[in-house]
Structures are given as structure tokens and as C-alpha cells.
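J.: How does the following fold in three dimensions:
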Amino acid sequence: MIVAGFMLLAVGAVDLVRQFAPRRWIGYLVVAVILLLLGSASDALLPMLIALVVGALWIWTMPDGRTARLGFWPAVLLAMASIGAVVWLGGRADAGLIGDAWSLRSPFGDVSFDLAMLALGAGVFLLESANLVVRAALDGEHTWRPIELVPTAEKSEGEEPATGVAEPSAPRGGFKGGRLIGPLERILVLILTLAAAYPILAAMLAAKGIVRFPEISRDGETGARAEYFLVGSLVSWVMALGAAFLVWWAAHS
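T.: Numbers count the residues shown, from 1 in each chain. Okay, here's the model as predicted:
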């Protein structure tokens with residue numbers, strides 16, 4: 001369990017650093033130091049080293065400024081590794097120095113350090129890393145995307161998308177809320193699923209479709225916007241539901 005938590009935390013943290021740190025190497029160093037301290041204090045040096053390697057590989061295979069070399073397959077491998085770590089390794093009886101002083105209660109009972117790290121890692125991954133996975137899925141299927149979402153290295157002035165669908169004119173100064181809405185939506189799906197609030201979850205997902213329906217209905221015969229909405233939303237929901245199931249499994253194993 002701790003291996004999965006450290007891996008997801010490392011990947012999610014380096015992607016946050018790539019977005020917000022002006023000097024990325026300082027951010028990467030801070031992430032490495034934090035993981036080192038957590039690994040040392042929780043008697044989990046090997047999982048910490050594995051997480052650092054996974055984080056470095058993730059940066060190389062999932063770039064944030066151009067098309068991913070391997071599509072979204074790194075995310076599939078990460079998911080398989082995380083599931084395997086939770087299912088076959090489970091939780092530990094001793095969490096080192098942190099375990100001696102650790103005490104965290106929830107409405108569902110005591111939360112171990114390993115479980116807390118897994119939940120934290122899953123939440124951090126759903127913030128920015130999941131955006132990269134959604135983008136890779138859209139690129140892999142050659143799905144039309146609004147021009148402001150296409151990485152600069154992939155487009156040139158006057159270039160049309162790979163689908164051949166002409167880009168609609170849109171104000172360039174508007175608020176680009178997709179990068180914020182997606183993470184908030186995934187965190188809500190994670191929380192509502194773990195809380196078993198399925199009616200609220202269903203209502204939220206249905207409301208998103210209703211809000212986007214006027215835009216999708218203007219597609220005409222191309223279906224480009226509908227494909228963009230469905231691919232992006234389904235990939236995003238699958239990741240959030242998968243993260244919730246992983247935490248649920250760890251909590252009940």
C-alpha cells in the first residue's frame with residue numbers, strides 16, 4: 001500500500017511542480033527531500049526510492065508541452081503497479097517513527113499512515129497528472145480540442161486540428177477553466193464515491209452533461225465537440241472512480 005501511495009504522490013507532486021514552479025529543478029529537489037524524509041521516518045526507504053524512479057520516468061514519458069511519446073500507456077502501467085501494490089502487498093504492521101506517534105480517526109474508523117499516504121497520493125495525482133492523461137487520450141484518438149488547449153509545439157499559426165474540423169472563433173482573453181474544473185470534478189467524484197453518496201454523484205455527473213449540451217448541440221454533422229466531451233469526461237471519471245476504488249480496497253483489506 002505504501003508503495004502505491006508514494007508512487008502516486010511522487011507523480012502528482014512533480015506534475016504540480018512543472019505547472020507552478022518557475023525553476024523546476026528547485027521544485028523537484030523539494031519533492032525529493034520531502035519523499036526522503038517521509039520514507040526515512042516511516043521505515044519505507046525502498047518504496048521511496050521506487051517512487052523517485054517512477055516520478056523521473058513519468059516526467060520523461062508524459063511531457064506537459066508536447067504530445068506524449070507513449071500516449072497514455074504510462075498511466076496504465078502506473079495504475080497496474082498501484083493496484084498490484086495494494087492488492088498483493090497490503091498495509092504494514094509497523095510504520096516506523098511516524099507509526100509510533102500516528103493517530104488519525106475518521107467517521108469510518110482509524111486511518112493508518114499507509115492508508116493516509118495512499119489517499120493523499122491519489123488526491124494529488126488527480127489534480128494535474130490526470131489532466132496530462134486526459135490530454136494524452138485526446139491526442140491518441142486524434143480528438144478535436146479547442147485551439148487554446150493544444151500545446152504550442154504541436155501547432156502553428158493558421159493550422160487546423162488533425163480531424164480536419166475548422167476551429168471555431170473564440171475570445172482569447174476568456175477564462176480557461178478546464179484545467180481547474182477537471183481537478184475539482186475528480187476530487188468531488190473521489191470524495192462522493194468514498195462517502196457512498198451515489199445519488200449526489202450521479203446528479204453531479206448528469207448536471208455536467210446538461211450544462212454542456214447547448215455547446216455540443218451546435219456541433220452540426222461533425223460531432224467533434226461531443227467526441228471531445230465524451231472522451232475527456234469518461235477518461236477523467238474513470239481515473240477518479242479508479243482512485244476511489246483503490247482507496248476503498250486498501251481501507252477494507
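J.: for the stretch 101-250 of the chain, what are the low-confidence residue spans?
T.: Where the stretch 101-250 of the chain drops to pLDDT under 70, the residues are 141-178, 215-223.
J.: now the helices for it?
T.: Ranges of helices within the stretch 101-250 of the chain are 113-125, 129-140, 178-194, 198-217, 224-252, based on DSSP state H, counting those that start in this stretch.
J.: which one of these is the most hemmed in?
T.: With neighbours taken as mean count of other Cβ atoms under 10 Å, these reach their highest mean count in helix 113-125, at a mean of 23. C-beta coordinates here come from the backbone N, C-alpha and C atoms, glycine included.
J.: so what's the closest residue in space to Leu194 that isn't next to it in sequence up against?
T.: Excluding its sequence neighbours, the residue lying closest to Leu194 (Cβ to Cβ, 6 or more residues apart in numbering) is Ala244, at 5.4 Å. Contacts for Ala244 (Cβ atoms under 8 Å, 6 or more residues apart in numbering) come out as Ala122, Val189, Leu190, Thr193, Leu194.
J.: just to revisit the earlier point, now the helices of the stretch 101-250 of the chain as TSV including distance to Arg23?
T.: Formatted as TSV, the helices of the stretch 101-250 of the chain follow (distance: least, Cβ to Cβ, whole Å):
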stretch	distance to Arg23
helix 113-125	21
helix 129-140	20
helix 178-194	21
helix 198-217	37
helix 224-252	29
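J.: of the ones you listed, which approaches Gly55 most closely?
T.: Closest to Gly55 of these, according to Cβ to Cβ: helix 129-140, at 10.2 Å.
J.: Just checking the distance from the closest one to the centre of its chain.
T.: In terms of Cα atoms, centre = their mean, to the nearest Å, the centre of helix 129-140 is set 10 Å apart from its chain centre.
J.: the inter-axis angle of it versus helix 178-194?
T.: 110 degrees (axes from the mean of the first three to the mean of the last three Cα atoms, to 10 degrees).
J.: Specify the angle between helix 129-140 and helix 224-252 in degrees.
T.: 140 degrees.
J.: Which elements pack onto helix 129-140?
T.: helix 2-20, helix 73-84, helix 178-194, helix 224-252 (3 or more Cβ pairs under 8 Å, 6 or more residues apart in numbering; DSSP states H and E).
J.: a markdown table for those helices, including distance to Ile200?
T.: As requested, these are arranged in a markdown table below (distance: least, Cβ to Cβ, whole Å):
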| stretch | distance to Ile200 |
| --- | --- |
| helix 2-20 | 25 |
| helix 73-84 | 26 |
| helix 178-194 | 6 |
| helix 224-252 | 14 |
